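Asker: Sequence first, then the predicted structure:
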Amino acid sequence: MSVLVDNIGELVTNDDGEGLLGLRRDVAVVIEGERIAWIGPAAQAPAADQRIDAGGNAVLPGFVDSHAHLVFAGDRAAEFGARMAGEPYTGGGIRTTVAATRAATDDELRRNAGRLVAEALRQGTTTIEIKSGYGLNVDDEARSLRIARELSDETTFLGAHVVPAGSDPGEYVDLVRGPMLEACAPYAKWVDVFCDRGAFDEDQTRAILTAGKQKGLSLRVHANQLIEGPGVRLAVELGAASADHCTHLSSADVDALVNSETVATLLPGAEFSTRSPYPDARRLIDAGVKVALATDCNPGSSYTSSMPFCIALAVRDMRMTPAEAVHAATAGGARALRRDDIGRLRVGARADLIVLDAPSHLHLAYRPGVPLIKQVLHSGVPSNHPAAAPNSTEGPLS
Ligand code: NIG
Ligand code: FE
């Protein structure tokens, strides 16, 4: 089955074309199966079985949300309300979600995570990373990852989210890097640690990440969200694909990131929802650090699944240009997941495309809060097609 997408106002390729976004005009795209087969002058487009008329609108790669916590039960709206009335965010609320998650059935967790994946897809997200981290015992972490794996191949073992209530920290670290890792590794591609005040320190983080690596998992780190700690340095030293948050950075942290393959993944939804200072994206980009944007969707610090919302925050409040923000939400996210088949529109890439209800990518920040995602294709399948439902074989957003 082939599909021709034409009448494109502006094509964001993140590849050959004008500027950072590789913009092209007067071009059409042909999809064969789940891959892009041809991009070229619209007047020379080959015939295809089906046609999608983009209506003069912008077409972009699907968003790559490289950081989300979707397997949980309950919400923490009251905690959010208290924060907006002046309470600080400490990360301690994670334990509230752990209690609700442990008490939920598999089906409740599956339905909630599936609902969030579908919500993200409607907003243009065609790949989403999903972490565990609200089970915090062997069985509940393993089942969280089993459920995450039904929805994405980009699954992350985050047994080291916090030390659960009543546990001894040293014994818990041994559990995470021993039996819990053993039970979770078959369902995980990545291992992550929340290395921060109130969570895990340098030695504990190193021990868990090293054990994960030995087990064949690749690394990502929750780093420097609450304080200027050792997380970013460790992420670089151990070759992590991504250091996430990067809100409090020393000059040495920035230098370490510049000279590395570690992406700085910025999560402005978390600063928005915890009313905290945003990371200094300009400092990072101007220094030459590779940057991604992601939602951090979770019930505590950032309950949004919307990449357009994060793009708007990054532009307005983190002084990223619209082009930098769109690039970070697509090619940047792909890099943070070490993927080269997504995040760009070029021949051979997976056919993950968004048609906007707007003529230019600029509108994603220019028109905040407006539903501008007109159509989404995931692996060449329109997301309103029955084959694209989150739990079908076509569905996983990985
Ligand atoms: O990325 N920082 C640690 N983990 C999450 C917060 C999770 C929660 O508050 O439930 C985050 O912000
Ligand atoms: Fe997170």
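Answerer: Arrived safely, thanks for sending. Ligands and ions are numbered 1, 2, ... in the order given.
Asker: Can you check the pLDDT for the residue of the stretch 201-350 of the chain at minimum distance from ligand 1?
Answerer: Per CB to the nearest ligand atom, Gly300 is where the stretch 201-350 of the chain lies closest to ligand 1, at 2.4 Å. For glycine as for every other residue, the C-beta is placed from the backbone atoms N, C-alpha and C. Looking at Gly300, its pLDDT is 97.
Asker: check contacts around it.
Answerer: Going by CB atoms under 8 Å, 6 or more residues apart in numbering, Gly300 touches Arg76, Glu79, Tyr89, Gly91, Gly93, Ile94, Thr96, Thr97.
Asker: Nearest to ligand 1 among the residues you listed?
Answerer: Nearest member of these to ligand 1, counting by CB to the nearest ligand atom, is Ile94, at 4.3 Å.
Asker: The closest one: what's it in contact with?
Answerer: Ile94 touches Gly133, Tyr134, His161, Val162, Gly300, counting by CB under 8 Å, 6+ apart.
Asker: The third one: neighbouring residues, count only.
Answerer: What it means is His161. 27 (other CB atoms under 10 Å).
Asker: What secondary structure category should be reported for the residue lying closest to it once chain neighbours are set aside?
Answerer: What sits nearest to His161 in space, not counting adjacent residues and going by CB to CB, 6 or more residues apart in numbering, is Gly133, at 3.6 Å. Assigned by DSSP: H, G, I helix; E, B strand; the rest coil, the conformation of Gly133 is coil.
Asker: doesn't Thr155 make contact with Gly133?
Answerer: No. Contact between Gly133 and Thr155 fails when scored by CB atoms under 8 Å: they sit 11.4 Å apart.
Asker: which of the contacts of Gly300 are close to ligand 1?
Answerer: Contacts with ligand 1 are made by Gly91, Gly93, Ile94, Thr97 out of the contacts of Gly300, judged by CB under 6 Å from any ligand atom.
Asker: Contacts only, for the second one.
Answerer: Okay, so that is Gly93. Contacts of Gly93 (CB under 8 Å, 6+ apart): Arg76, Glu79, Gly300.
Asker: What of the last one?
Answerer: Going by CB under 8 Å, 6+ apart, Thr97 touches Phe72, Ala73, Gly74, Arg76, Tyr134, Asn298, Pro299, Gly300.
Asker: Helix or strand: which one has the first one?
Answerer: Read that as Phe72. Per DSSP states H and E: Phe72 is located in neither a helix nor a strand.
Asker: residues near it, how many?
Answerer: By other CB under 10 Å, neighbour count at Phe72 equals 25.
Asker: show me where the stretch 151-300 of the chain has helices.
Answerer: 169-175, 181-184, 202-214, 231-237, 251-258, 268-273, 281-287 (DSSP state H, counting those that start in this stretch).
Asker: Residues touching the longest one, excluding its own?
Answerer: Outside helix 202-214, the residues that touch it by CB under 8 Å, 6+ apart are 157, 159-160, 169, 173, 176-178, 181, 185, 191, 193, 195, 200, 219, 221, 229-231, 234, 238, 240.
Asker: Would you list the buried entries among the residues you listed?
Answerer: By neighbour count, with 16 or more other CB atoms under 10 Å, those hold 157, 159-160, 173, 176-177, 181, 185, 191, 193, 195, 200, 219, 221, 229-231, 234, 238, 240 as buried.
Asker: Might you specify the subset of those residues located within strands?
Answerer: Those of the buried ones among the contacts of helix 202-214 mapping onto strands are Phe157, Gly159, Ala160, Val191, Val193, Cys195, Leu219, Val221, per DSSP state E.
Asker: and the two most separated of those?
Answerer: The span of these, defined through CB to CB, is set by Phe157 and Cys195 at 14.8 Å.
Asker: Tell me which helix or strand comes right after the top helix by length along the chain.
Answerer: Assignment by DSSP state H gives helix 106-122 as the longest helix of the chain. Counting by DSSP H and E, the next helix or strand C-terminal to helix 106-122 is strand 125-128.
Asker: Does anything pack onto that following strand? Which helices or strands?
Answerer: strand 63-65, strand 373-378 (3 or more CB pairs under 8 Å, 6 or more residues apart in numbering; DSSP states H and E).
Asker: which of these is buried the deepest?
Answerer: strand 63-65 (a mean of 33; mean count of other CB atoms under 10 Å).
Asker: How about that strand and ligand 1, touching?
Answerer: No. On the criterion CB under 6 Å from any ligand atom, strand 63-65 is out of touch with ligand 1, staying 12.9 Å away.
Asker: who's in contact with that strand?
Answerer: Residues outside strand 63-65 that contact it (CB under 8 Å, 6+ apart) are 120, 123-129, 292, 294-295, 297, 305, 307, 329-334, 336-337, 339, 342-343, 354.
Asker: Which residues of the stretch 1-150 of the chain lie near ligand 1?
Answerer: Gly91, Gly93, Ile94, Thr97.
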